[in-house]
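Asks: Provide a 3D model corresponding to the input given below.
(4 chains)
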2 protein chains.
Amino acid sequence: MSDLFKKYIIETQCGTESQYEAVEHLVYPVAIKKGEMLLQKDEICDKAYFVSKGILRSYTVDEAGKEHTIQFAPENWIIADRSSFYFNEPSEMYIDALENTEAIYVKKEFFDKAEKIFENFAKVNTLALHNNIRHMEKRINYLLSASAEKRYLKFIETYRDLSLRVPQQLIASYLGITPEGLSRVRKELANKNFNRD
Amino acid sequence: MSDLFKKYIIETQCGTESQYEAVEHLVYPVAIKKGEMLLQKDEICDKAYFVSKGILRSYTVDEAGKEHTIQFAPENWIIADRSSFYFNEPSEMYIDALENTEAIYVKKEFFDKAEKIFENFAKVNTLALHNNIRHMEKRINYLLSASAEKRYLKFIETYRDLSLRVPQQLIASYLGITPEGLSRVRKELANKNFNRD
DNA sequence: TGCATTTCTTAACCTAGGTCAAGTGCCATG
DNA sequence: CATGGCACTTGACCTAGGTTAAGAAATGCA
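Replies: Now for the predicted structure:
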């Protein structure tokens, strides 16, 4: 179950099997049932999950009770409330499983230990943070400037696989539109494609 | 002109004057006139600016020619296209000055050198990245879930000083609404406050 | 002080997308 | 094989906020 994570670590760190063995005891495999909650609002997020099979998702809930998807994490992705994890502050979000999922989680100790074992751990981590920032910046820009249709097209272009595996209503909640709105957008796109002979 | 930056570095790094002197030659003071451009789209952003007086701003321009403000940087803030700076890739954004501004800029060499001089430079930098991520996450959440009015109220609560110094149309472009839209929101807020005797 | 330029407001009108309420189709479990 | 429950669609209606165009204020510059 944690083989994929092992591979991920060894590859990104340019590490060896024996280096990985030195941190392995801090890697906890878990099987998560569809719908199961891994993090609730106001809890402190002390676990970062790496998905080896299935999909996890983080989301917020507004005063009106509506869910807003922050992130999808399919295979090979890491998910956590980074702010809560790093600053030890209560989380604003929830994390749950969209499918029966196999994952591993690590706590802070893993990061501390890994920094000692892998020469470039901090550097690789910084790279990951920058990737994260770049991604969020693009998302903000899209939310500021693009219509529902454009945001959807961008989404299926960027996450082709996810757009097939994830319920449409959740994609809508990621894009900042309603399920009905997304349904309409899809219909209009279908018409366009049909009409351009 | 660079005194504020010196103070900023010494404080955040818990460093000494003499440590600062060892990196000072990599700190370039600049005076920027209102309206002057510091970064254009498609350029690689190789400078990070720290503002000691005035305001800088980063923004994108969409296909319709509309500007979308990504960040305001008043005194004591740092501004750059982080992705372009870190990954050496062409920038998607512009940076200009909203007021006559005094700033310093540093290039990558500064970071390299500072990492050697200040014991915790990398750690403090990681903290800054996490702060950045937290901030962007909140912004995404607001864009997904809150009305124009709520976003505006949040903005003036969070950046009281900026909301007085920055032209309204630019605040609108930060919030993802039109200047006219913001004007209407303000009017409605004024009416509400007037009518609650 | 006076003119020009930019910023902000207002109002009429419009539209993308929200809301609400019925369907329709699709598994999934008994 | 039936049925109960989701997920998705559809359509009628509504509204927040966009668009356009015009003026009013503010600001800068000479």
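Asks: what separates the residue in chain A that DNA strand C sits nearest to from DNA strand D, distance-wise?
Replies: Across chain A, no residue is closer to DNA strand C than A:Gly181, which sits at 2.4 Å (C-beta to the nearest atom of the strand). Glycine gets a C-beta too; all of them are placed from N, C-alpha and C. The gap separating A:Gly181 from DNA strand D is 8 Å, by C-beta to the nearest atom of the strand, to the nearest Å.
Asks: and if you look at A:Leu127?
Replies: Distance from A:Leu127 to DNA strand D, by C-beta to the nearest atom of the strand: 35 Å.
Asks: buried ones in the strand or helix carrying A:Ser18?
Replies: For A:Ser18, the host element (DSSP states H and E) is helix A:17-21. For helix A:17-21, burial by neighbour count (16 or more other C-beta atoms under 10 Å in any protein chain shown) applies to A:Gln19, A:Tyr20.
Asks: sorry, back to before: the residue of chain A closest to DNA strand C - nearest residue in space that isn't next to it in sequence?
Replies: A:Ala148 (5.9 Å; C-beta to C-beta, 6 or more residues apart in numbering or on different chains).
Asks: so who does that neighbour touch?
Replies: For A:Ala148, the contacting residues are A:Leu175, A:Gly176, A:Ile177, A:Gly181, A:Leu182, A:Val185, by C-beta atoms under 8 Å, 6 or more residues apart in numbering or on different chains.
Asks: isn't the last one right next to A:Tyr152, touching?
Replies: Yes: here A:Val185 reaches A:Tyr152: they are 5.4 Å apart, a contact under C-beta atoms under 8 Å.
Asks: any common contacting residues for these two?
Replies: By C-beta under 8 Å, 6+ apart, the residues touching both A:Val185 and A:Tyr152 are A:Ile177.
Asks: OK, contacts around the spatially most central residue of chain A?
Replies: For chain A, the residue nearest the mean C-alpha position is A:Ala73 (3.2 Å; C-alpha atoms, centre = their mean). Residues counted as contacts of A:Ala73 (C-beta under 8 Å, 6+ apart) are A:Tyr49, A:Val51, A:Ile55, A:Leu56, A:Arg57, A:Ser58, A:Ile79.
Asks: name the nearest residue to it, ignoring sequence neighbours.
Replies: A:Ile79 (3.7 Å).
Asks: can I take it that A:Leu144 is in a helix?
Replies: Yes: assessed by DSSP: H, G, I helix; E, B strand; the rest coil, A:Leu144 belongs to a helix.
Asks: wouldn't the residue nearest to A:Ala73 be in contact with A:Val51 here?
Replies: Yes: in terms of C-beta under 8 Å, A:Ile79 counts as a neighbour of A:Val51; the distance is 7.0 Å.
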